[in-house]
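Give me a model of this one.
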Amino acid sequence: MTHTSARTRIHAEPLTCTLGAELHGVQLGDAARDDALFAKIKQLLLRHKVLFLRDQDMTRAEHVAFASRLGPLEDHPVLGSDPDHPGLVRIYKDLDSKPEHYENALHCDATWREHPPMGAVLRCVETPEVGGDTIWVDMAEAYRRLPDHIRAQIADLRARHSIEASFGAVMTTDQRHRLKARYPDPEHPVVRTHPETGEKILFVNAFTTHLVNHHTPQNVRFGQDHAPGASLLLNYLISQAAIPEYQVRWRWTPNSVAIWDNRSTQHYAVQDYWPAVRKMERAGVAGDRPC
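Coordinates of the predicted model:
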């Protein structure tokens with residue numbers, strides 16, 4: 001699949017049957033300044049859900065400028081951001097890093113927000129010689145391939161998502177309570193509709209704690225149906241992201257970039273490279289309320 005313009009020629013090479021494409025023939029620094037070029041990349045993002053590029057020799061300012069075309073950027077309440085480039089989060093792993101592992105779980109970014117991110121642009125600064133790959137998952141495909149009776153069962157279910165139970169777990173009690181007060185657990189649909197493509201998406205992940213409207217006469221005959229029944233259902237739904245047929249895996253090189261739609265994917269940063277160093281920089285794009 002090749003897209004042409006007066007300034008550039010983009011070739012999109014699909015990496016799996018449903019998810020991911022590597023783009024050739026384009027520099028994101030140029031796309032930050034070119035309306036037509038950016039529009040083509042956005043179209044490809046909606047189609048493939050995650051885009052990959054190599055040899056992107058762009059500055060932090062260009063990184064932020066390109067990501068800002070997708071929408072307003074947002075800081076992370078725990079990780080912070082680059083002081084000179086608000087919205088650009090440094091994710092550096094080295095021998096002095098804290099032992100907490102937040103990335104090596106299948107997750108959709110910041111669903112503990114009322115308005116989870118629309119997506120992100122992640123650039124590799126330094127990568128191990130081997131290891132340190134990232135996996136993305138097509139959660140629209142995961143929904144499509146659920147059994148019919150499960151899709152019917154979860155059509156109207158909603159669930160809570162929590163920053164307290166993840167990032168807050170290593171904090172003191174007071175710190176954790178303050179974090180939760182700042183970000184109260186939001187309620188999101190278990191199946192969301194993509195606001196631009198109309199696709200149905202299975203929208204539960206590692207930040208999801210429980211179903212909030214499962215305990216009804218239609219679902220619960222005895223207490224066993226509610227607990228552990230609701231938890232077993234949620235765990236089954238969360239486990240769908242681990243199915244390899246829904247995944248694509250990317251091997252990083254310096255100055256390679258991934259752009260992903262956070263509304264329709266999950267991802268997992270594989271932490272198999274210690275004691276090597278891995279340095280990434282991510283610009284997260286603010287999103288809408290899932291519905």
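
Okay, buried residues for stretch 192-212 please.
Neighbour-count burial for stretch 192-212, with 16 or more other CB atoms under 10 Å as criterion, is recorded at 192, 194, 199-209, 211. Glycine gets a C-beta too; all of them are placed from N, C-alpha and C.

now stretch 37-44
Neighbour counts over stretch 37-44 (16+ other CB under 10 Å) mark 37, 38, 40, 41, 42, 44 as buried.

Repeat that for stretch 110-119.
Buried residues in stretch 110-119 (16+ other CB under 10 Å): 110, 111, 112, 113, 114, 116, 117, 118, 119.

longest helix in this structure, by residue count?
Secondary structure of the chain per DSSP state H: the longest helix is helix 35-48.

Give the other helices and strands that that helix contacts.
strand 9-14, strand 21-24, helix 28-31, strand 50-53, helix 60-70, strand 257-261 (3 or more CB pairs under 8 Å, 6 or more residues apart in numbering; DSSP states H and E).

what sits up against it?
For helix 35-48, the surrounding residues in contact (CB atoms under 8 Å, 6 or more residues apart in numbering) are 3, 5, 7-8, 10, 12, 14, 19-21, 23, 26, 28, 30-32, 51, 66, 69-70, 119, 196-197, 259-261.

what is the orientation angle of it with helix 60-70?
Helix 35-48 and helix 60-70 are oriented at 70 degrees to each other (axes from the mean of the first three to the mean of the last three CA atoms, to 10 degrees).

picking that back up, now for the buried residues of stretch 192-212, which pair is the farthest apart?
199 and 209 (25.0 Å; CB to CB).

Next one: the closest residue to residue 23 other than its chain neighbours from residue 236, what distance?
Spatially, and ignoring its direct neighbours in sequence, residue 23 is nearest to residue 53 (5.0 Å; CB to CB, 6 or more residues apart in numbering). Per CB to CB, to the nearest Å, residue 53 is found 35 Å from residue 236.

who has more neighbours, these two?
residue 53 (23 against 13; other CB atoms under 10 Å).

Dihedrals phi and psi, the closest residue to residue 126 other than its chain neighbours?
Of all residues not flanking residue 126 in the chain, residue 279 sits nearest, at 4.1 Å (CB to CB, 6+ apart). Taking degrees, to the nearest 10, you get phi -130, psi 120 for the backbone angles of residue 279.

Over to residue 154?
As for residue 154, its main-chain torsions (degrees, to the nearest 10) stand at phi -100, psi 0.

follow-up on the earlier one: quick check: bridge partners of the residue nearest to residue 23?
Listed beta-bridge partners, residue 53: residue 257 (assigned using DSSP bridges).

circling back: out of the buried residues of stretch 192-212, which is nearest to residue 62?
Closest to residue 62, out of all of the buried residues of stretch 192-212 and judged by CB to CB, is residue 194, at 27.9 Å.

The closest one touches residue 139, doesn't it?
No: in terms of CB atoms under 8 Å, residue 194 does not count as a neighbour of residue 139; the distance is 9.9 Å.

correct me, but the residue nearest to residue 126 touches residue 97?
No: the pair residue 279 and residue 97 fails to qualify as a contact (CB under 8 Å) at a distance of 10.4 Å.

Run through the helices of the stretch 151-291 of the chain in chain order.
Remark: helices assigned in the stretch 151-291 of the chain by DSSP state H, counting those that start in this stretch are 173-182, 223-226, 229-239.

The closest residue to residue 187 other than its chain neighbours: what's it in contact with?
Spatial nearest neighbour of residue 187, chain neighbours left out: residue 158 (5.3 Å); criterion: CB to CB, 6+ apart. Taking CB under 8 Å, 6+ apart, we find residue 158 in contact with 187, 188, 189, 190, 211, 212, 213.

No further queries at this time; thank you.
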